[in-house]
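Peer 1: Structure for the following, please:
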Amino acid sequence: MVAATDPQIHAWFTMATVAAGSAPGKPSLIMAGMVDGVAVIDEVRKEYQRKAVPKRFAAIAEAGHLAFTDICTIGRQEGGLFGIAQKYGVEIDDAVVAFGTDGCGPDNLPAEDGWSVIDHYVTAHLRAAFSLDDGPRGLDEAASACFSGRVAEYEQEAP
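Peer 2: Numbering: from 1, shown residues only. Just a heads-up that it's a prediction; the model follows:
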């Protein structure tokens with residue numbers, strides 16, 4: 001979470017959450033999955049709209065909640081993390097399984113296919129915030145086009 005008064009904060013970002021912090025005047029990046037059943041895209045968009053500028057929003061096509069982690073890749077061939085646990089007799093509540101597999105289904109973008117998008121936008125966002133380049137790079141519509149349809153939405157607002 002971001003403390004709005006912390007002078008050490010130069011920029012911040014969130015991934016798959018509607019409980020984003022706030023540091024007015026500090027560049028923010030809010031990332032989401034278009035089919036996230038936990039941090040639902042409409043709620044994430046509303047959170048983005050409430051934020052002060054400068055701000056950026058990026059949504060990944062076909063990505064669920066866990067697209068921002070490696071959980072979907074663990075034991076994929078054995079039914080995932082929960083499939084392995086259940087194989088060994090561990091009882092898991094259905095609600096926990098639903099939460100812990102959101103984005104790991106066959107209709108979802110494989111998590112590792114979204115990592116380049118996540119890496120790109122977080123890196124470009126931080127490089128811009130720390131003025132590491134002559135100007136913002138990789139934070140425009142042309143950058144979104146480089147990801148073969150994996151970026152479903154991108155927008156930004158400057159002061």
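
Peer 1: Only C-alpha atoms from now on, for both contacts and neighbour counts.
Peer 2: Noted.

Peer 1: can you point me to the longest helix in the protein?
Peer 2: Counting by DSSP state H, the longest helix found in the chain is helix 111-129.

Peer 1: Quick one: list the elements packing against that one.
Peer 2: Packing contacts for helix 111-129, counted by 3 or more C-alpha pairs under 8 Å, 6 or more residues apart in numbering; DSSP states H and E, involve strand 28-33, strand 55-60.

Peer 1: Strands along the chain, start to end?
Peer 2: 12-15, 28-33, 55-60, 151-157 (DSSP state E).

Peer 1: among those strands, which is the most enclosed?
Peer 2: Highest mean neighbour count of the strands of the chain: strand 28-33, a mean of 27 (counted as mean count of other C-alpha atoms under 10 Å).

Peer 1: tell me, how many neighbours does residue 90 end up with?
Peer 2: Neighbourhood size, residue 90 [other C-alpha atoms under 10 Å]: 11.

Peer 1: Against residue 99, how distant is it?
Peer 2: Separation of residue 90 from residue 99 (C-alpha to C-alpha, to the nearest Å) stands at 17 Å.

Peer 1: And residue 80, by the same measure?
Peer 2: In this view, residue 80 and residue 99 are 13 Å apart by C-alpha to C-alpha.

Peer 1: Give the buried residues for the helix or strand of the chain with the lowest mean pLDDT.
Peer 2: Lowest by mean pLDDT, DSSP states H and E among the helices and strands of the chain is helix 80-87, with a mean of 85. Residues of helix 80-87 classed as buried: 80, 81, 82, 83, 84 (neighbour count, 16 or more other C-alpha atoms under 10 Å).

Peer 1: Can you give the distance of it from its chain's centre?
Peer 2: 25 Å (C-alpha atoms, centre = their mean, to the nearest Å).

Peer 1: same deal with stretch 145-159?
Peer 2: How far stretch 145-159 lies from its chain's middle: 13 Å, per C-alpha atoms, centre = their mean.

Peer 1: Just the C-alpha atoms of it, please, in CSV.
Peer 2: Written as CSV, here are the backbone C-alpha positions of stretch 145-159 (Å, rounded to 0.1, in the frame of the first residue of the first chain):
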residue,chain,number,x,y,z
ALA,A,145,0.0,-3.1,-30.5
CYS,A,146,3.3,-4.9,-30.0
PHE,A,147,1.7,-7.5,-27.8
SER,A,148,-0.5,-9.3,-30.4
GLY,A,149,-3.8,-8.5,-28.9
ARG,A,150,-2.8,-9.3,-25.3
VAL,A,151,-3.4,-5.7,-24.2
ALA,A,152,-7.2,-5.3,-24.2
GLU,A,153,-7.2,-1.7,-22.9
TYR,A,154,-4.6,1.0,-22.2
GLU,A,155,-5.0,4.6,-21.3
GLN,A,156,-3.2,7.3,-19.4
GLU,A,157,-3.9,10.8,-18.1
ALA,A,158,-1.2,13.4,-17.5
PRO,A,159,-1.7,16.5,-15.3
